[in-house]
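Asks: quick one, what's the 3D model for this:
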Amino acid sequence: MRIPLFPLDVVLFPGAPLPLHIFEDRYKKMIGECLEQNTAFGVVRAQQDGLAVIGCTARMLRVLHQYEDGRLDILCQGEQRFEIEMLDNSLEYLQADVLFLEDEEETATREQRERCAALHFETMELAGMEMEATHLSLDGPISFQLAAALPADLGFKQQILSLRSDAERTAHLLQFYEAILPKLRSSVTTQKTAKKNGHIM
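Replies: Coordinates of the predicted model:
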């Protein structure tokens, strides 16, 4: 299937929100056609050495604001992962023939999801990240939802997006939390100790 592509310095996950400000003429045209035809477009990470092979389609939920000069503020949501098979430069904007990816059936256990969620919220709190009030159901896979909010570099997020099962993604997330949390805990303890120094008790 051929879809329009929007290369961005971002990794989009299925179900994740994506607000965009559209200002380039080629992308105003692309988004206009997607709105008219009610079709999705592909978001793929733009890297120094080219485009990532795995991306995620974005479905436009609504137009937030339309400017007089044609610029747009839109709200999108990640929908379905894909793998680029061939690029097409024949139009003003980039297109690609893609293969949509389905997950393998192996999912994380309830215990793994509970541990992953607990470590995620501790990581976010210690890192001083604001946590939006989102519903997190532990009755099903949560790896995409956690990865989307994670304060991690895009290389790691791209790796998570490329994994083909929830069990694999959850295992990678657990390894990430277990590696970063000791450093965050130590940093917070050091800061608390420093604040006490020099204070009259």
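Asks: so where is this protein shaky, pLDDT-wise?
Replies: 130-134, 188-201 (pLDDT under 70).
Asks: could I get the full set of strands for it?
Replies: Using DSSP state E, the strands of the chain run over residues 2-8, 17-22, 41-47, 50-51, 54-66, 72-88, 95-100.
Asks: return the most buried member of those.
Replies: Mean neighbours per residue, mean count of other C-beta atoms under 10 Å, is largest over the strands of the chain for strand 41-47, with a mean of 21. Every C-beta, even on glycine, is put in place using the N, C-alpha and C of the backbone.
Asks: in terms of secondary structure, what does it contact?
Replies: Secondary structure elements in contact with strand 41-47, counted by 3 or more C-beta pairs under 8 Å, 6 or more residues apart in numbering; DSSP states H and E, are strand 2-8, helix 25-37, strand 54-66, strand 72-88, strand 95-100.
Asks: quick one: the second one to strand 54-66, angle?
Replies: So that's helix 25-37. Orientation check (axes from the mean of the first three to the mean of the last three C-alpha atoms, to 10 degrees): helix 25-37 against strand 54-66 gives 90 degrees.
Asks: same question, the shortest one
Replies: In this structure, strand 95-100 runs at an angle of 120 degrees to strand 54-66, with the same axes, to 10 degrees as the basis.
Asks: ok, and what's touching strand 95-100?
Replies: Identification of contacts with strand 95-100 by C-beta atoms under 8 Å, 6 or more residues apart in numbering yields 1-5, 42, 44, 55, 80-89.
Asks: 10 Å instead?
Replies: 1-5, 30, 41-42, 44, 51, 53-55, 57, 79-89 (C-beta atoms under 10 Å, 6 or more residues apart in numbering).
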